[in-house]
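Undergrad: Return atomic coordinates for the entry below.
(one chain, ligands or ions: 1)
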Amino acid sequence: MAIRLGDTAPDFTAETTAGPINFHEYLGNGWGILFSHPKDFTPVCTTELGEVAKLKSEFDKRNVKVVGLSVDPLDSHKGWVGDIEETQGAALNFPLIADPDRKVSTLYDMIHPNASDNFTVRSVFVIGPDKKVKLTITYPASTGRNFDEILRVIDSLQLTANYSVATPVNWKDGDDVIIVPAVSDDDAKQKFPGGWKTLKPYLRVVKQPNK
Ligand code: BEZ
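TA: Below you'll find the model as predicted:
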């Protein structure tokens, strides 16, 4: 069954390039990203894994643990890792799940049979410290994902979790944000002592609180 926002991210154990993991234990009390790749030794996937390795410090800064998945077996992953480092200039520095029996990909509905019976689509799940799914994205095999966008969404999710603000269209880190409708004006006075601009009673714009 499809996983929807607000669902608890299914837990599992799996073999990975970093040894066996229990998913929830591995995430601990922080944030997580689980993302799937169609297949080992494929060009777009190779670029994506190199890019995520280069962004490790950005994920660390945000307390996000990253886990990749490809349905090929562990031996295949181990052979591919060298190619990623050689061609992308970054060594794999996060676990890549081997899922030859499709256990995890089935649990997360990552195989879309009308796209391909044999490999996963490019799924992304962002998971909060409460283990609830906060974001899902599905890309086709032929389109590499934009991991800067995924970091941007994590920044937005963390602002909402920590400061009760939402982010407007095309928001970038440092831009003004919006007080969520659930916060009354009385509560907003406590939360945003520097004030805000009311464009409409439901549209209250405030400086990004953590800047
Ligand atoms: C790739 O990762 O390059 C890829 C995988 C499957 C289909 C098309 C592209």
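Undergrad: can you pull out the strands in the chain?
TA: All strands of the chain, identified by DSSP state E, fall at 13-16, 21-22, 31-37, 64-70, 96-98, 122-127, 133-139, 165-166, 177-179, 197-200, 203-206.
Undergrad: The ligand is nearest to which of the ones you listed?
TA: strand 31-37 (6.7 Å; Cβ to the nearest ligand atom). Bear in mind the C-beta positions are built from the backbone N, C-alpha and C, glycine included.
Undergrad: So what's the model's average confidence on the closest one?
TA: Throughout strand 31-37, pLDDT has a mean value of 97.
Undergrad: Kindly export that strand (C-alpha atoms) in CSV.
TA: Taking C-alpha atoms only, strand 31-37 is exported to CSV below (Å, rounded to 0.1, in the frame of the first residue of the first chain):
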residue,chain,number,x,y,z
TRP,A,31,15.6,13.1,10.9
GLY,A,32,16.0,10.6,8.1
ILE,A,33,15.9,10.2,4.3
LEU,A,34,15.3,6.9,2.6
PHE,A,35,15.7,7.1,-1.2
SER,A,36,15.7,4.4,-3.9
HIS,A,37,17.7,3.9,-7.1
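Undergrad: what's the spacing between it and its chain's center?
TA: Counting by Cα atoms, centre = their mean, to the nearest Å, strand 31-37 is centred 5 Å from the centre of its parent chain.
Undergrad: Leaving out the residues flanking it, which one is nearest to F35?
TA: Among residues not flanking F35 along the chain, V124 sits closest, at 4.6 Å (Cβ to Cβ, 6 or more residues apart in numbering).
Undergrad: Could you give the bridge partners of the one you found?
TA: Following DSSP bridges, V124 is listed with bridge partners F35, I137.
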